[in-house]
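Enquirer: With the sequence up front, the predicted model follows.
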Amino acid sequence: MEGVDPSPDFTTHVYLVKDRGGTWTLIDTGLPGAHAAIVAYLAKIHVEPAAIKKILITHLHRDHVGSLREMAERTKARTFSHWIEAAYIGLHPKYDGPGTPPAEPFTIDEVLKDGDPVDAAGGLIAYHTPGHTPGHTSYYQPERKLLFSGDLFFVNGDKVTLTPPEFTHHIPTAQISARRMSQLSVDSLLTYHGGPILKQGGNAVRLLTQKL
Ligand SMILES: [Zn+2]
């Protein structure tokens with residue numbers, strides 16, 4: 001989505017993905033207040049908020065769930081996250097790891113575990129990719145070879161790195177998750193911060209994981 005959550009340091013991406021049929025899926029929701037830009041963008045491209053039927057969350061950090069409540073209310077969409085992140089998004093308990101936890105509790109509708117299919121964006125697989133946070137999840141679309149990788153990876157230019165250590169819960173676990181994702185056939189690597197890498201993203205990931 002254009003114009004959502006611009007940062008002076010690197011681009012930030014909330015993704016709006018078309019489903020089979022006329023509905024849409026939102027992946028992450030930006031900082032608190034980002035809903036205004038999301039709603040403005042939807043109006044610009046003539047998508048009714050009610051056409052968004054699912055909101056998928058990659059992880060608990062505030063810059064991903066900040067506008068979750070507002071977007072869930074405006075769209076009436078079902079909300080999804082990994083079961084560990086769902087507990088932290090509900091502030092039960094409050095997350096005590098690196099990065100900023102949600103400002104307020106939110107109850108996720110449907111909790112996911114590793115390998116669960118999600119009937120969105122033409123068919124996604126939820127991959128538990130812990131390390132950045134304990135329940136971090138990436139969403140893979142095998143037909144189009146899209147990987148929505150949340151904050152597992154950062155992209156700077158055409159270079160893929162892991163998320164900086166100061167924002168990472170457990171670095172060795174993030175490395176293991178990265179190696180696992182490097183085994184997928186990925187064309188578009190759809191990162192939240194920096195990027196995306198639209199072509200041959202899997203090769204860029206493997207350049208990173210060969211060194212891990
Ligand atoms: Zn994060």
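Expert: Nice, I can see it. Remember, it's a predicted structure, so these values are computed and weren't measured experimentally.
Enquirer: any chance you could read off phi and psi for the closest residue to residue 199 other than its chain neighbours?
Expert: Nearest residue to residue 199, sequence neighbours excluded (C-beta to C-beta, 6 or more residues apart in numbering): residue 187, at 6.3 Å. (C-beta placed from N, C-alpha, C; glycine too.) When read as degrees, to the nearest 10, the backbone of residue 187 gives phi -100, psi -60.
Enquirer: now do residue 190
Expert: According to degrees, to the nearest 10, residue 190 has phi -100, psi 90.
Enquirer: rewinding a little: list the residues that contact the residue nearest to residue 199.
Expert: Listed by C-beta atoms under 8 Å, 6 or more residues apart in numbering, the contact set of residue 187 reads 144-146, 198-202.
Enquirer: Those residues, buried ones only, as a ChimeraX selection?
Expert: Buried members of those can be picked out in ChimeraX with the line below, counting by 16 or more other C-beta atoms under 10 Å:
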select :145,146,201,202
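Enquirer: The ion next: which of the contacts of residue 187 are close?
Expert: Near the ion, judged by C-beta under 5 Å from the ion, there are no entries from these.
Enquirer: Could you look up the SS state of residue 80?
Expert: strand (DSSP: H, G, I helix; E, B strand; the rest coil).
Enquirer: could I get the contacts of residue 187 as a markdown table with pLDDT and secondary structure?
Expert: Shown next, in a markdown table, are the contacts of residue 187 (pLDDT from 0 to 100; DSSP: H, G, I helix; E, B strand; the rest coil):
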| residue | pLDDT | secondary structure |
| --- | --- | --- |
| 144 | 97 | coil |
| 145 | 98 | coil |
| 146 | 98 | strand |
| 198 | 96 | coil |
| 199 | 96 | coil |
| 200 | 96 | coil |
| 201 | 97 | helix |
| 202 | 97 | helix |
